[in-house]
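Peer 1: sharing a model that was predicted from the sequence below.
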Amino acid sequence: MKKLIVKPCDWMCELKECPGGLFAYNDALCFRSEYSPDDVFVCDSGEIFWGGVSDKNERSKLIVQPCEYFWEED
């Protein structure tokens, strides 16, 4: 059986500099669209990610940790 492994990258950045894809913020796994960088979601709920702020400019400055993923054989 295969397992999907999601691993934080070794670097952190502001959300506005985060590449499209998965990222971690506190204990949440989130997703940022590469096509529309303002589309940012919490993976487990599908809700829009705000990170405890209410302004898009503040949100863009939040420090997040990009993640990589890969499949692993058992």
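Peer 2: Everything's here; your move. Numbering: from 1, shown residues only.
Peer 1: find the nearest non-adjacent residue to the spatially most central residue of the chain, please.
Peer 2: The C-alpha lying nearest the average C-alpha coordinate of the chain belongs to residue 23 (Cα atoms, centre = their mean; 2.3 Å). Nearest non-adjacent residue to residue 23, counting by Cβ to Cβ, 6 or more residues apart in numbering: residue 64, 4.5 Å away. Every residue, glycine included, has its C-beta placed from N, CA and C.
Peer 1: that neighbour bridge partners, please.
Peer 2: residue 13 (DSSP bridges).
Peer 1: same question, the one 4 residues further on
Peer 2: Following DSSP bridges, residue 68 is listed with bridge partners residue 7.
Peer 1: cool, the one 5 residues further on as well?
Peer 2: In this structure, residue 73 bridges to residue 2 when assessed by DSSP bridges.
Peer 1: give me the number of residues near it?
Peer 2: Neighbour count for residue 73, taken as other Cβ atoms under 10 Å: 6.
Peer 1: check contacts around the closest residue in space to residue 16 that isn't next to it in sequence.
Peer 2: In space, and not counting its chain neighbours, residue 16 is closest to residue 60: 3.9 Å by Cβ to Cβ, 6+ apart. Residues in contact with residue 60 (Cβ atoms under 8 Å, 6 or more residues apart in numbering) are 14, 15, 16.
Peer 1: drop anything exposed from the residues you listed.
Peer 2: Among the contacts of residue 60, those scoring as buried are residue 15 (criterion: 16 or more other Cβ atoms under 10 Å).
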